[in-house]
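Peer 1: sequence? don't have it. structure:
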């Protein structure tokens, strides 16, 4: 009995003073129609999970087209972006921007997306992030990774958040699960003003089109799908919840103390009786 009470009290204290350590999606965009319509040319820029805003920046236009194979919905749709800046102009200013509050979420954040370029789109896109909702800068210090690349080649996405990819001349494919994991304890955690964006960038020292034999064009398209923000742990318990947990811990401690007092009393009685005999 003593062991079980102590164990329960210990577990109670641990629950009251820590968050639940499990990965959780905060917000996700799958760009499918709010009401399924079996069409990939219609969709929505509203989050499919959680809350947040998606917008285009730098004069880019947006429409909808067929989505990533990771989404099995009948109206699987992606966000298709076009109307890019002229070659070598306005590098790092045009693309897609996403704002998501991470208030209540601790542990390392990560953003992920599936991406598809046409041959005349830029071969390079930079991931940027903000902690104040206004000033964006290139990400750094975290870990970049990606999953299936299909018929793409030369795919790169590392700690600097620079995505580089060469697409096939025909039948372009999505690079799936492009993921950037921020370092734990970053300013982006538990932050109402967190946001990130993916912008086209140009490198004057190398060819800028995504297709190996294509010429860069402003009408080239970038498709985004399954854009996701997740956290390594769920929200820390609210103060009221912690108060209830602490109260339960205190009650468990009182019960344990009373049981100890009763045991001590019985031992004293037995000792006294033995002395009389």
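Peer 2: Arrived safely, thanks for sending. Keep in mind it's a predicted model, so treat the numbers as computed, not measured. Residues are numbered from 1 along each chain as shown.
Peer 1: which SS class is residue 80?
Peer 2: Assigned by DSSP: H, G, I helix; E, B strand; the rest coil, the conformation of residue 80 is strand.
Peer 1: contact partners for the closest residue to it other than its chain neighbours?
Peer 2: Nearest residue to residue 80, sequence neighbours excluded (CB to CB, 6 or more residues apart in numbering): residue 65, at 4.2 Å. Every residue, glycine included, has its C-beta placed from N, CA and C. When contacts are counted by CB atoms under 8 Å, 6 or more residues apart in numbering, residue 65 touches 40, 41, 77, 78, 80, 221, 223.
Peer 1: which stretches of the stretch 101-250 of the chain form strands?
Peer 2: With DSSP state E, counting those that start in this stretch as the criterion, the stretch 101-250 of the chain has strands at 109-117, 124-130, 137-138, 143-145, 153-157, 162-166, 175-181, 195-200, 222-231.
Peer 1: and the residue nearest the centre of the chain, what does it touch?
Peer 2: Residue closest to the average C-alpha location in the chain (CA atoms, centre = their mean): residue 229, at 2.2 Å. By CB under 8 Å, 6+ apart, the contact set of residue 229 is 25-28, 50, 52, 98, 100, 102, 109-111, 194, 196.
Peer 1: list buried residues within the residues you listed.
Peer 2: Neighbour counting with 16 or more other CB atoms under 10 Å marks 26-28, 50, 52, 98, 100, 102, 109-111, 194, 196 as buried within the contacts of residue 229.
Peer 1: where do the helices of the protein begin and end?
Peer 2: Listed in chain order, the helices found in the chain under DSSP state H are 2-17, 239-276.
Peer 1: where among these is the average confidence lowest?
Peer 2: Mean pLDDT is lowest for helix 2-17 among those, at a mean of 46.
Peer 1: show the low-confidence segments of the stretch 151-277 of the chain, by residue range.
Peer 2: 205, 233-277 (pLDDT under 70).
Peer 1: can I get the buried ones among the contacts of residue 229 in JSON lines including distance to residue 129?
Peer 2: Below are these laid out as JSON lines (distance: CB to CB, whole Å):
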{"residue": "26", "distance to residue 129": "14"}
{"residue": "27", "distance to residue 129": "14"}
{"residue": "28", "distance to residue 129": "17"}
{"residue": "50", "distance to residue 129": "18"}
{"residue": "52", "distance to residue 129": "14"}
{"residue": "98", "distance to residue 129": "10"}
{"residue": "100", "distance to residue 129": "11"}
{"residue": "102", "distance to residue 129": "11"}
{"residue": "109", "distance to residue 129": "9"}
{"residue": "110", "distance to residue 129": "11"}
{"residue": "111", "distance to residue 129": "8"}
{"residue": "194", "distance to residue 129": "7"}
{"residue": "196", "distance to residue 129": "5"}
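Peer 1: got the contact list for residue 67?
Peer 2: When contacts are counted by CB under 8 Å, 6+ apart, residue 67 touches 30, 31, 32, 40, 76, 77, 78, 114, 223, 225, 226.
Peer 1: give me the buried subset of these.
Peer 2: Buried among the contacts of residue 67 (16+ other CB under 10 Å): 30, 31, 32, 40, 76, 77, 78, 114, 223, 225, 226.
Peer 1: for the closest residue to residue 146 other than its chain neighbours, give its distance to residue 34.
Peer 2: The spatial neighbour of residue 146 that comes closest, neighbours along the chain excluded (CB to CB, 6+ apart), is residue 178 at 4.6 Å. Computed as CB to CB, to the nearest Å, the residue 178 to residue 34 distance reads 25 Å.
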